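> Show me the folded form of this:
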Amino acid sequence: MTLAARWHRLTAPLVPDAARREAAFQELAAAYQAPTRHYHTLQHIENLLNRVAAADLQDPVVVQLAVWFHDAVYNALKSDNEARSAAQALAFLQDSTLEPARQQRVAFLIGRTADHTQPQPPADADLLHFLDADLSILGAPEADYWAYARHVRQEYRRVPDLLYRPGRRKVLAKMLDAPVLYHTPALRTELDAAARRNLAAEIAAWDRGGL
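Next comes the predicted model:
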């Protein structure tokens, strides 16, 4: 099924106006296909949708909406991307049939992606599945991980190595030092060891001077 078809299947029960749904899809597609995007693309969205589809979720509609919108706004030089992405989701949902509490839940999930190392509510299974899916790239096979690392560097291409290297290293070290990287048992078993190897390898690469 195409991403467009998946979008309309998800949103048709919430927003009966097909033209409005299509306009929102085109806006999201344009954002994720912007020339400044190299990792945070439609492929990233498709990967997350596939991950959460395989999870046992309490509210899959809310989680899928969070996936679609969580990187709708992505400016590598800004710190309010998650808040603005959540606001875009709420703007789309404001006239929908989705209950207000569930609309706010979409925004909450998006907001939690701002810092994956912050403590998470241990009983919030949907949130944990969503966050783990978002970090699944860290445990990818080595070649895929290095492609991801280089794509992220491209998204920060306006930042010189002198500034990017210590910033990226700090982010990587914070994740590597986190006692819990993946919250769900399945992804912890599948990805944790590989993710920590990949993180350590990228840190070592930056310590040697670059990717």
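
> Let me see the contact set for the most centrally placed residue in the chain.
The structure's the chain has its C-alpha centroid closest to D134; by CA atoms, centre = their mean the separation is 4.3 Å. Residues near D134 by CB atoms under 8 Å, 6 or more residues apart in numbering: 48, 70, 113, 116. C-betas here are computed from N, CA, C, even on glycine.

> try 7 Å this time
Listed by CB atoms under 7 Å, 6 or more residues apart in numbering, the contact partners of D134 are 48, 113.

> With the one 4 residues further on instead?
When the contact criterion is CB under 7 Å, 6+ apart, the partners of L138 are 195, 198-199.

> Just want to check the distance between the residue nearest to the centre of the chain and V67.
8 Å (CB to CB, to the nearest Å).

> So for the two, which residues contact both of them?
With CB under 7 Å, 6+ apart, D134 and V67 have common neighbours L48.

> starting at the chain centroid, how far to the top helix by length along the chain?
Criterion DSSP state H: the longest helix present in the chain is helix 185-208. A distance of 18 Å separates the centroid of the chain from that of helix 185-208, by CA atoms, centre = their mean, to the nearest Å.

> residue ranges for the helices of the protein, please.
So, for the chain - with DSSP H - the helices run 3-11, 18-32, 42-53, 60-69, 81-93, 100-111, 125-134, 142-155, 161-177, 185-208.

> can you state the direction angle for the fourth one and helix 42-53?
It refers to helix 60-69. The directions of helix 60-69 and helix 42-53 differ by 160 degrees, with axes from the mean of the first three to the mean of the last three CA atoms, to 10 degrees as the criterion.

> quick revisit: closest one of the contacts of L138 to D177?
Nearest to D177 among the contacts of L138, counting by CB to CB, is L199 at 9.5 Å.

> Grab the nearest non-local neighbour of that closest one.
L176 (4.3 Å; CB to CB, 6 or more residues apart in numbering).

> for W146, same thing?
Distance criterion CB to CB, 6+ apart; nearest residue to W146, sequence neighbours excluded, is L211 at 7.3 Å.

> Surely the one you found and A205 touch.
Yes: here L211 reaches A205: they are 5.5 Å apart, a contact under CB atoms under 7 Å.

> With L135 as the reference, measure out to the nearest residue to E142 once chain neighbours are set aside.
Closest residue to E142 in three dimensions, ignoring its sequence neighbours and counting by CB to CB, 6+ apart: N198, at 6.9 Å. Going from N198 to L135 by CB to CB gives 11 Å.

> Could you do L98 as well?
Applying CB to CB, the value for L98 to L135 is 26 Å.

> Same check on A23?
Distance of A23 to L135, given as CB to CB: 31 Å.

> Return, as residue ranges, the portions of the protein with sub-threshold pLDDT.
For the chain, applying pLDDT under 70 flags no range at all.

> can I see the domain layout of the chain?
Listed by automatic domain parsing, the domain ranges of the chain are 1-116+125-134, 137-211.

> Looking at those domains, which one is packed in the most?
Each of the domains of the chain was scored by mean neighbour count; the highest is domain 1-116+125-134, a mean of 17, by mean count of other CB atoms under 10 Å.

> Distance from the chain centre to that one, please.
On CA atoms, centre = their mean, the centre of domain 1-116+125-134 falls 9 Å from that of its chain.
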